[in-house]
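Enquirer: 3D, please:
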Amino acid sequence: MAAFFFGLLLIAIQSPPIPSRPMERSKDDWQAPPSPTASSFMTPTDNRTFGHPNGTFQQLPSIIIIGVRKGGTRALIEMLSLHSAVAAAENEVHFFDWESHFQKGIPWYLSQMPFAHSDQLTVEKTPAYFTSSKAPKRIHSMNPDIKLLLILRDPTERVLSDYTQVFYNRLQKHKRYQPIESVLVKDGEVNLGYKALNRSLYHMHLQNWLRYFPLQSIHVVDGDKLIKDPFPEIKRVERFLSLEPQINASNFYFNKTKGFYCLRDHGRERCLHDSKGRAHPHVAPAILHKLYRFFHEPNKKFFELVGRTFNWN
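Expert: Down below sits the predicted model:
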């Protein structure tokens, strides 16, 4: 018995005391967790990176603005960002349409997403997705339940905006540019080889998306209305995404100098870049008439696909 008590005494002497609370580390002892990289995942089913100390993490988007180019995608994502439950990627990622990016894999795509809180939805926009033949299948493989936003404008106006962007880009780079009449019309007829015209054949591109997604997964935003009266249109987007009503009419104000609506968020005011809303070049009425007539049938087919009409032509 004496030997037993002697053993207990020996253990008590050798064991360090147990602190009543966790020991504090010095500044030199503490090491921050490594920043997330493209390969620092949890599990593939989580679709997110390890969290930052501030509680945010990167996650694959549950919303993608798929297009269309010059349809108002920048305005849409900026307005959607007014909602506190939305975390938006800053740049166009071009993952599903550029082979050089797609070959980097989902880990790279994830690394391009913004850091978000657990109660936020991540959204990215790449307007070239809409006209890409491969993007629908690739996005469906990533997430068949993803919500898609498609913002469209009058196809003729969209063509003119498309030309205007290219025109100014070439002008800034001191490159030659073609007059608008020469790209719109060839041998007296609408130039079917002009890529900007193809982008405005909405029914053709939407048919490819409907092979993989039901129409209920795609919300079509009226880009013309978003420009003229943004609040009702963004509220429809809010409902489609099942977001708690939060965006108000007070978030928008008309800037007379710029000639379009700007945003007001917690006292801060911001407008789109000066490159947005540029005046279109003058086009002869006869050529405009050709374009309106050309798009009449394609527009009709698009209206039938989506089950609604737009005030085009």
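
Enquirer: Now S133: closest residue in space, sequence neighbours ignored.
Expert: Using C-beta to C-beta, 6 or more residues apart in numbering and skipping the chain neighbours, the partner closest in space to S133 is N208 (6.4 Å). Using the backbone N, CA and C atoms, a C-beta is placed for each residue, glycine as well.

Enquirer: name the element the one you found belongs to?
Expert: Using DSSP states H and E, N208 sits within helix 202-210.

Enquirer: helices or strands next to that helix in the packing?
Expert: Packing partners of helix 202-210 (3 or more C-beta pairs under 8 Å, 6 or more residues apart in numbering; DSSP states H and E): strand 147-152, strand 218-222, helix 285-306.

Enquirer: picking that back up, what's the neighbour count on the residue nearest to S133?
Expert: N208 has 16 neighbours, counted by other C-beta atoms under 10 Å.

Enquirer: distance between the ends of stretch 146-165?
Expert: 30 Å (C-alpha to C-alpha, to the nearest Å).

Enquirer: That one: how far from the chain's middle?
Expert: Computed by C-alpha atoms, centre = their mean, to the nearest Å, the chain-centroid distance of stretch 146-165 equals 14 Å.

Enquirer: which one of the helices and strands packed on helix 202-210 is the most hemmed in?
Expert: Neighbour counts (mean count of other C-beta atoms under 10 Å) averaged over each of the helices and strands packed on helix 202-210 peak at strand 147-152, with a mean of 23.

Enquirer: who's in contact with S250?
Expert: R264 (C-beta atoms under 8 Å, 6 or more residues apart in numbering).

Enquirer: one step back: among the helices and strands packed on helix 202-210, which is nearest R176?
Expert: helix 285-306 (21.2 Å; C-beta to C-beta).

Enquirer: What is the closest one packed up against?
Expert: The helices and strands touching helix 285-306, judged by 3+ C-beta pairs under 8 Å, 6+ apart, are helix 155-172, helix 180-184, strand 189-190, helix 202-210.

Enquirer: okay, the ones you listed in CSV with distance to H219 and mean pLDDT next?
Expert: Shown next, in CSV, are the helices and strands packed on helix 285-306 (distance: least, C-beta to C-beta, whole Å; pLDDT from 0 to 100):
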stretch, distance to H219, mean pLDDT
helix 155-172, 18, 87
helix 180-184, 31, 91
strand 189-190, 30, 92
helix 202-210, 12, 98
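
Enquirer: In TSV, list these along with distance to A249.
Expert: Shown next, in TSV, are the helices and strands packed on helix 285-306 (distance: least, C-beta to C-beta, whole Å):
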stretch	distance to A249
helix 155-172	25
helix 180-184	37
strand 189-190	41
helix 202-210	30
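
Enquirer: looking at the ones you listed, which is closest to T56?
Expert: Short answer: helix 202-210, nearest of those by C-beta to C-beta, at 31.3 Å.

Enquirer: still on that earlier bit, out of the helices and strands packed on helix 285-306, which gets nearest to L241?
Expert: helix 202-210 (17.8 Å).

Enquirer: can you give me the angle that closest one makes with strand 147-152?
Expert: Angle, helix 202-210 to strand 147-152, by axes from the mean of the first three to the mean of the last three C-alpha atoms, to 10 degrees: 170 degrees.

Enquirer: What residues of helix 202-210 count as buried?
Expert: 202-203, 205-206, 208-209 (16 or more other C-beta atoms under 10 Å).
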